[in-house]
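A.B. asks: structure, please.
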Amino acid sequence: MNGEAPWIEEYGRTASAAWCGDVVCIRNIRNFTYRTKSDFAPAYFDANYDVSQLRTVDLVVSRWAHDAIAHVFVSFGFEDGRYLSISIETRRRQGQVYSTWRGFLRRYRLIYVLADERDLIGVRTDVRRERVSLYRSSVSAETAQGLFRDYIRRVNQLNEQPEFYHTLFNNCTTNILSHAQSLAPGLRYSWKVLLSGHADRYSYELGLLDSSVPFDELRRRSVVRRPDGMLIGPDFSAAIRRHV
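C.D. replies: Next up is the predicted model:
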């Protein structure tokens, strides 16, 4: 919009996608390198993904304060070892600071950030030092592929018709639930979606995560542990999965 401040740099570009059969070409995949929370080197790349080679979808839950509140997003894994994370966030302009209350007032645009895990997960584990859990879902490859297609549909939809973020009705967890409902219409809204820190427990209760162990044990196992001083290197995705 004319006269408005430019976007915060992390949200300066939006991803877009074009399909050719089972292969999708995605532009503007974010891959920032963070030195501190506010000091980073911007970078983007384009890549092709064959959806028939998509094998997994993992749930990422990142907590920074109270256990009941978290940022929740997903990461898709492909046969060739690549991962593509998709995080639903507020697209803010320079000078805007996120506020739960302002999220009720049509102040922020909704954005789907498509990024390398070294960006979206690495900044949370290694730079912000948030408490990050990575859960391997128990859904089939076919279900993961359908979910991925629905995410990509939504990415292009928002490019054509932008929407405002809403703290209750159009946020990270409500959109994840909406994508899941596209494949399983029987899924219902729960208070655990509103309190996003419970999204992992809710997913467990729905049978979407490993149910061979009690949830508290699964949660303990799923914590991503990154010692201070570790480098976010090319093997980051493999490293964070070694013990989960």
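
A.B. asks: now Arg131: how far from Pro185?
C.D. replies: Distance of Arg131 to Pro185, computed by C-beta to C-beta, to the nearest Å: 33 Å. Where C-beta positions appear, they are placed from N, C-alpha and C, glycine not excepted.

A.B. asks: between the two, which one's more packed in?
C.D. replies: The residue with more neighbours, out of Arg131 and Pro185, is Arg131; 15 against 8, by other C-beta atoms under 10 Å.

A.B. asks: who touches the helix or strand of the chain with the lowest mean pLDDT?
C.D. replies: Of all the helices and strands that make up the chain, helix 191-194 has the lowest average by mean pLDDT, DSSP states H and E, namely a mean of 70. Contacts made with helix 191-194 from outside it, assessed by C-beta atoms under 8 Å, 6 or more residues apart in numbering, are listed as 168, 173-174, 177, 198-199, 201-202.

A.B. asks: quick one: low-confidence parts of the protein?
C.D. replies: 1-3, 186, 191 (pLDDT under 70).

A.B. asks: Asp46 - that's part of a helix, no?
C.D. replies: No - Asp46 is assigned strand when assessed by DSSP: H, G, I helix; E, B strand; the rest coil, not a helix.

A.B. asks: show me what contacts it?
C.D. replies: Counting by C-beta under 8 Å, 6+ apart, Asp46 makes contact with 25-29.

A.B. asks: got it, and Arg55?
C.D. replies: By C-beta under 8 Å, 6+ apart, the residues touching Arg55 are 77-79, 141, 144.

A.B. asks: equivalent analysis for Glu205, please.
C.D. replies: Phe215.

A.B. asks: list phi and psi for it.
C.D. replies: Glu205 adopts backbone torsions of phi -70, psi -30, taken as degrees, to the nearest 10.

A.B. asks: for the remainder of this discussion, apply numbering that starts at 14.
C.D. replies: Done: numbering now begins at 14, and the last item shifts to Glu218.

A.B. asks: show me the beta-bridge partners of Leu123.
C.D. replies: Beta-bridge pairing for Leu123 (DSSP bridges): Thr103.

A.B. asks: rewinding a little: quick check, nearest of the contacts of Asp59 to Ser100?
C.D. replies: Of all those, Ile42 has the smallest distance to Ser100: 12.0 Å, by C-beta to C-beta.

A.B. asks: can you list the buried residues in the least confident helix or strand of the chain?
C.D. replies: Neighbour-count burial for helix 204-207 flags 205-207 (criterion: 16 or more other C-beta atoms under 10 Å).

A.B. asks: need those residues in CSV with distance to Arg122, can you?
C.D. replies: Below are those laid out as CSV (distance: C-beta to C-beta, whole Å):
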residue, distance to Arg122
Lys205, 26
Val206, 21
Leu207, 21
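
A.B. asks: what ranges do the helices span in the chain?
C.D. replies: Remark: helices assigned in the chain by DSSP state H are 130-133, 135, 154-173, 185-196, 204-207, 212-218, 228-234, 249-252.

A.B. asks: fine, thanks again, bye for now.
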